[in-house]
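Q: please find the sequence and the predicted model below.
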Amino acid sequence: MCGRASLALDEDELTAYLQSVGVPAAPTRRRPRYNIPPQDDLLLFTELGDHRRESRMMRWGLVPFWAKDPSIGRKLSIARAETVATMPAFRSAFKKRRGLIVIDGFFEWHRDPDGSKTPMRIARPDNAPFTLAGLWETWGEGDKRLITCAIITTTPNDLMAPIHDRMPVILTGAAQDAWLDPTAKVGSLQDLLIPDPSDTLHAYEVSPLVNRSSNDGPECWFPV
DNA sequence: CCAGACGTTGTT
DNA sequence: GTCTGG
DNA sequence: CCAGACGTTGTT
DNA sequence: GTCTGG
């Protein structure tokens, strides 16, 4: 699940949001994104130490530092909260390279009993940004250097349960600080990886235009 | 010892 | 069925 | 996540 | 890098 995200808000709104969570304004130019698939770029911020935070665009699909071939990243876009701390592909990033991924919505495909799939968008009613628990890695050197990331999924909250059996981990407020804290213990980190309790999201059906990731415009958000 | 995997989803 | 491209 | 390809020879 | 399977 959660194989698509969005981040369409304008630079001023994004800058204001980043400042509100202690991140200097993103230096890179960014265009509105309504339909972001795996292997495309997500905006992630992390804590370097002494509470300094930094944001960057990172490719979605984690390539561990030890990978011989970066194509492994295609398989590593989602980690499960239940196993992320111990999985060989994720555990070192879980210990040392946690981050928060800024989005303003994500998509889930609801499967009906007859097998048909209905795309749904999950967002705040005002499309304000929020953050997902993420992991990141650097791989390779020079021209080959890649910076990649993955999201973490958990069980659904009341909003998501009718739609799907998994949802991304959404962190707000003190949980954001706790997730980024370099000194955090595994147990306390694990306690953060729970279904979103904030009750600030809504879900609505959107057009199947979102199925095709090359459709990256507002039509992907239109309610059906 | 070396070779090969390292993930999730959903469907059967 | 499985992999790659988006 | 979904959509689309899944092959080779030899020609432009 | 580290673990599992052979």
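A: Thanks, I have it. The shown structure was predicted, so the numbers you read here are calculated from the model rather than taken from an experiment. Numbers count the residues shown, from 1 in each chain, chains lettered A, B, ... in the order given.

Q: alpha carbons only for contacts and neighbour counts from here, please
A: Will do.

Q: interface residues of chain A facing DNA strand C?
A: Residues of chain A lying close to DNA strand C by CA under 7 Å from any atom of the strand are A:37, A:38, A:39, A:74, A:212, A:213, A:214.

Q: can you select the buried ones from those residues in PyMOL?
A: Remark: buried members of the residues of chain A next to DNA strand C, expressed as a PyMOL selection using 16 or more other CA atoms under 10 Å:
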select buried, chain A and resi 37+38+39
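
Q: which ones among the residues of chain A next to DNA strand C also lie next to DNA strand B?
A: Applying CA under 7 Å from any atom of the strand to the residues of chain A next to DNA strand C, those adjacent to DNA strand B are residue A:74.

Q: reformat the residues of chain A next to DNA strand C as TSV; add distance to residue A:54 and secondary structure.
A: TSV is the format used below for those (distance: CA to CA, whole Å; DSSP: H, G, I helix; E, B strand; the rest coil):
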residue	distance to residue A:54	secondary structure
A:37	23	coil
A:38	22	coil
A:39	21	coil
A:74	25	helix
A:212	32	coil
A:213	28	coil
A:214	29	coil
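
Q: host element of the residue sitting furthest away from the middle of chain A?
A: Farthest-out residue of chain A from its mean C-alpha position, per CA atoms, centre = their mean: residue A:114, at 29.8 Å. In this assignment (DSSP states H and E), residue A:114 forms part of neither any helix nor any strand.

Q: how near is it to residue A:212?
A: Noted for residue A:114: a distance of 22 Å to residue A:212, by CA to CA, to the nearest Å.
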